[in-house]
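>>> can't give you the sequence, but here's the structure:
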């Protein structure tokens, strides 16, 4: 029995112990118990390479942790100190109602980007990607475990997750440590930058056979991922990119993955499935919706249907490709962030400017050349200054200022509601979106976004006897301009009659409050 | 019995005969038969004012027409010559498949605008409206018989369609000739400019009681409209603006109007009903769809459902009002024309720039201040040069260049189609729109529009051994630039990577052909 005293680990940090020269051969093996006061947590070790197993653990409490490991007839025991988390370390991201937050209570608003195959590129390019991210506003990145095959993704990676069997098929029992150490390092680099790794476990854009793994092999791979990676606090499980077109998998297969993650990931990292057509159906193990859609006005519908945070993880990318998904203007990309936020959801970025060298950010990482990033950062900075969480105002009908004394108006409002209830479901949704401002409200403030609508003025109906500051925000120019210092009651505010304008109304004194 | 020789009338022109000093008192009275060779057409007279009835007739054949009128015991007989139509006179607009055309075979592509209450303004303002229209590309205008009440429409008109009964309600049996002569003149002024009067018979924005007429009174009014106005070749019947919110009318009432028009308007002017929520249901008497929607991608769905021309008569207006329907940029307004055309439909313009004097084009006419008009004109001029009618290419699946020899690709295409067939109806429609180019094709040419998508290049796959001219069109700058003179086969065309670009590919020599 060995007993070691290891270096301290931050709360939510990664405790790791390498075990060598064991007779064990299973992929996931042994039993490790971590103990702090009355809390006991059990994990397994995983095979890293021949004769090397690793135990990983993320402590969520400060203090002394003891561990006992039984593996291959050996008993290993030890202790480490868990010290306070600091800097960008706030633990896992969890959900809270329709919002996200860090485990330690710190605010987290997702501002994601996308570089599906960045880990499959050269070390030099990976380094550049990390540097770009370090300078960016992005705090989440969608990325694939498996390499990607499609236009602009024609290069082969330098290594693969598994070695091959004699018959040329992948041996999921024989993970290639070169690949997995690269993946570890990539997740760790992101972690150190405070960036969540939204790790895509399966995807259809494949020419190597990873999309065709049997369900048995897929589950072996998935359990290996859980054992190896779940101690990284910045990990999110994205079961799929475009799950419907992974034709080898049935809905029941996806359920099996979701349930396995639900049961075996002791940390409960976020779990979602990204779609190409309709959002993945409601399941208990889903923690949020990861949606591909440009129908951002549907966020309130999905909020109601799923009662989960709604993350528009793909709504098109800033770029100039001859594909509608890869050809948004910078304005439109930034607009979709504002739009998503002010409809009660969140949005994800990507960039697809054509380059002869085919190094497009959305695929390979590298550098960002676009103009939306700065605007997204501007929005992020604004949102992070807002106190507490925001809510979506309820749909108030087409006339929110209906005079209840006006019998005709009341009767007509009821008749209209009846017509609306009889309309096509989508017409009704569209109409409600059309007549509901893009607006969020929090304690003492409201933020309304006009998007492509560009009014020359707006009539406000503020509370009497309360003082409000009214600010006009030009989301493209990134300028906040005070339109009224101590406003109250009914008033007309002149607006610049251009696209991309928002209005922040905040109670005077709330920023100190 | 009188016999008069009247001045010649153009084919499709207005023959009019005033009958005075009759004892008749009915609103619509008498029987007039117009005869040319073996053709006999029967119309009624209408009361214009006390002791003055009018018979109107639009001849559709050149030659000598005899007429016999029986009214109030009098027999009136006469003859007039019908001479060739000329200038902007091409007869009524009729439909042909999913297109429109003039009765004499001349091309008609609707480029409509909207000035709902222009006839209810001062003579000076009406004159200005006609002057503005004369200088505009617009060849159709949406306009209401009844005055309009809503924001920016707060003034009362100088006259009303009917006089009032002693109890203060409208007497539909007592039309005010001051009003109707003004309406005649307005339609005639438009006719002389070659502009179709898309006459809205009922609408909900009312404070005078016209929206509350009984069904009986509505039918009396409608028959009067038919008898009085149908001899104007440039008349279209728009039964309603936003029919669903005329709460006093049931769907069966609208049917009754449609059927009355179908039976009593001997000229068969175009008939449609404008909606606020879903398009008016399919009815035999509908000649086209007059749709309010900003879902322009749905045009192919509606084409299939109705098998009629699809006219997006309201999709928002160029302006800066604090209402989403009145706040489009000029780019977006012009874009929606290109978008509608290249999805197989047509679009209608309106302008709503806030003005302190409240004279907004969409309501009152007057002047146009916007920037979309010029771009709409540019599109109109281009389309009028295209030979014949265009078609919509069929949806070809997500991979129109599918290699039938590639078994995996064929299998996956089938599986995707299956997934698509199982998706939500709207998701399926959206996906098909997303993956189908905005493109029309005619004999020897194709016109593709990229809209908000802004590719840096496009790969063409033209026929071999045929020479094509490839032109890049900047719809905002209104510039056509030749990208290739004698193109064929596969080739890559560089595009300017900005919004609002179209590509015209035409067979060399087709313009002469």
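Cool, the structure landed. Note that this is a predicted model, so its numbers are computed, not measured.
>>> Now do whatever helix or strand residue A:430 lives in against helix B:425-435, angle only.
Using DSSP states H and E, residue A:430 falls within helix A:425-435. Relative orientation of helix A:425-435 versus helix B:425-435 (axes from the mean of the first three to the mean of the last three CA atoms, to 10 degrees): 70 degrees.
>>> could you point out which element follows helix A:425-435?
With DSSP H and E, the next secondary element past helix A:425-435 is strand A:438-442.
>>> isn't residue A:372 right up against residue A:338?
No: look at residue A:372 against residue A:338 with CB atoms under 8 Å: they stay out of range, at 10.9 Å. Glycine gets a C-beta too; all of them are placed from N, C-alpha and C.
>>> hmm, back to that, can you list contacts of the helix holding residue A:430?
Helix A:425-435 is contacted from outside by A:297-298, A:300-301, A:343, A:395, A:397-398, A:420-421, A:423, B:277-278, B:294-295, B:324, B:426, using CB atoms under 8 Å, 6 or more residues apart in numbering or on different chains.
>>> Buried among the residues you listed? Make that a ChimeraX selection.
For the buried members of the contacts of helix A:425-435, the matching ChimeraX selection, counting by 16 or more other CB atoms under 10 Å in any protein chain shown, is:
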select /A:297,298,300,301,343,398,420,423 /B:277,278,294,295,324,426
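>>> out of the contacts of helix A:425-435, which are inside helices?
If you go by DSSP state H, the contacts of helix A:425-435 have A:300, A:301, A:420, A:421, B:426 in helices.
>>> which non-adjacent residue is nearest the third one?
In space, and not counting its chain neighbours, residue A:420 is closest to residue A:428: 5.5 Å by CB to CB, 6 or more residues apart in numbering or on different chains.
>>> Please identify the residues of the stretch 401-513 of chain A in proximity to chain B?
Applying CB under 8 Å from any CB of the partner chain, we find that the stretch 401-513 of chain A lies next to chain B at A:412, A:415-416, A:419-420, A:423-424, A:426-428, A:430-431, A:434-435, A:450, A:452-459, A:495, A:497, A:499.
>>> how about the helices in the stretch 51-200 of chain A?
For the stretch 51-200 of chain A, applying DSSP state H, counting those that start in this stretch gives helices covering A:123-134, A:177-193.
>>> what's the last one packed up against?
Applying 3 or more CB pairs under 8 Å, 6 or more residues apart in numbering or on different chains; DSSP states H and E, one finds that helix A:177-193 makes contact with strand A:39-49, helix A:123-134, strand A:196-202, helix A:215-229.
>>> Show me which of those has the highest average neighbour count.
Ranked by mean neighbour count, the helices and strands packed on helix A:177-193 are led by strand A:196-202 with a mean of 25 (mean count of other CB atoms under 10 Å in any protein chain shown).
>>> Which secondary structure elements does it sit against?
Using 3+ CB pairs under 8 Å, 6+ apart, the elements in contact with strand A:196-202 are strand A:140-144, helix A:177-193, helix A:215-229, strand A:235-240.
>>> residues near the residue of the stretch 51-200 of chain A found nearest chain B, how many?
Closest residue of the stretch 51-200 of chain A to chain B, CB to the nearest CB: residue A:151 (10.6 Å). Number of residues near residue A:151 (other CB atoms under 10 Å in any protein chain shown) recorded here: 13.
>>> And it, how close does it get to residue A:121?
Going from residue A:151 to residue A:121 by CB to CB, to the nearest Å gives 16 Å.
>>> before we move on, what about residue A:388?
41 Å.
>>> and what of residue A:429?
41 Å.
>>> With neighbour numbers in mind, choose between those two.
Neighbours were counted for residue A:429 and for residue A:121 using other CB under 10 Å; residue A:121 has more, 22 against 17.
>>> neighbours of the residue nearest to the more buried one when sequence neighbours are not counted, just the number please.
Nearest non-adjacent residue to residue A:121, counting by CB to CB, 6+ apart: residue A:364, 5.0 Å away. The tally of other residues near residue A:364 (other CB under 10 Å) stands at 26.
>>> my guess is residue A:364 meets residue A:114, correct?
No: with contact defined as CB under 8 Å, residue A:364 does not reach residue A:114; the gap is 11.2 Å.
>>> For the stretch 1-150 of chain A, which residues are neighbours of chain B?
Checking the stretch 1-150 of chain A against chain B by CB under 8 Å from any CB, there are no hits.
>>> which stretches of the stretch 1-150 of chain A form strands?
Counting by DSSP state E, counting those that start in this stretch, the stretch 1-150 of chain A has strands at residues A:2-5, A:9-10, A:15-20, A:28-36, A:39-49, A:52-57, A:63-71, A:74-83, A:93-96, A:99-102, A:112-114, A:140-144.
>>> May I have the strands that pair with the fifth one, each with its orientation?
Each strand that pairs with strand A:39-49, with its direction, by DSSP bridges: strand A:28-36 (antiparallel), strand A:52-57 (antiparallel).
>>> In the longest one, which residues are buried?
Neighbour-count burial for strand A:28-36, counted by 16+ other CB under 10 Å, picks out A:28, A:29, A:30, A:32, A:34, A:36.
>>> swap in the shortest one?
For strand A:52-57, a neighbour-count test (16+ other CB under 10 Å) marks A:53, A:54, A:55, A:56, A:57 as buried.
>>> now these as JSON lines including distance to residue B:142 and pLDDT?
Converted to JSON lines, the buried residues of strand A:52-57 look like this (distance: CB to CB, whole Å; pLDDT from 0 to 100):
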{"residue": "A:53", "distance to residue B:142": "76", "pLDDT": "97"}
{"residue": "A:54", "distance to residue B:142": "72", "pLDDT": "97"}
{"residue": "A:55", "distance to residue B:142": "74", "pLDDT": "98"}
{"residue": "A:56", "distance to residue B:142": "69", "pLDDT": "98"}
{"residue": "A:57", "distance to residue B:142": "70", "pLDDT": "98"}
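>>> from the residues you listed, which is closest to residue A:317?
residue A:56 (33.9 Å; CB to CB).
>>> So what's the residue count around the residue nearest to that closest one when sequence neighbours are not counted?
Nearest-residue entry for residue A:56: residue A:231, 3.7 Å, with adjacent residues in sequence omitted and distances by CB to CB, 6+ apart. Neighbours of residue A:231 under the rule other CB under 10 Å: 21.
>>> unless I'm mixing things up, residue A:231 is touching residue A:59, no?
No: look at residue A:231 against residue A:59 with CB under 8 Å: they stay out of range, at 9.4 Å.
>>> quick one: common contacting residues for these two?
Joint contacts of residue A:231 and residue A:59 (CB under 8 Å, 6+ apart) are residue A:15.
>>> Contact partners for residue A:283?
By CB under 8 Å, 6+ apart, the contact set of residue A:283 is A:255, A:258.
>>> same question, the one 10 residues further on
Residue A:293 is in contact with A:279, A:312, A:314, A:315, counting by CB under 8 Å, 6+ apart.
>>> now swap in residue A:417 and tell me
Residue A:417 sits in contact with residue A:397, where contact means CB under 8 Å, 6+ apart.
>>> hey, where'd the strands end up in the stretch 401-513 of chain A?
All strands of the stretch 401-513 of chain A, identified by DSSP E, counting those that start in this stretch, fall at A:438-442, A:445-449, A:457-461, A:468-474, A:479-487, A:490-494, A:501-507.
>>> Those strands: which one's closest to residue B:179?
Using CB to CB, the nearest of these to residue B:179 is strand A:457-461, at 34.6 Å.
>>> confidence score at residue A:248?
Note for residue A:248: predicted pLDDT of 95.
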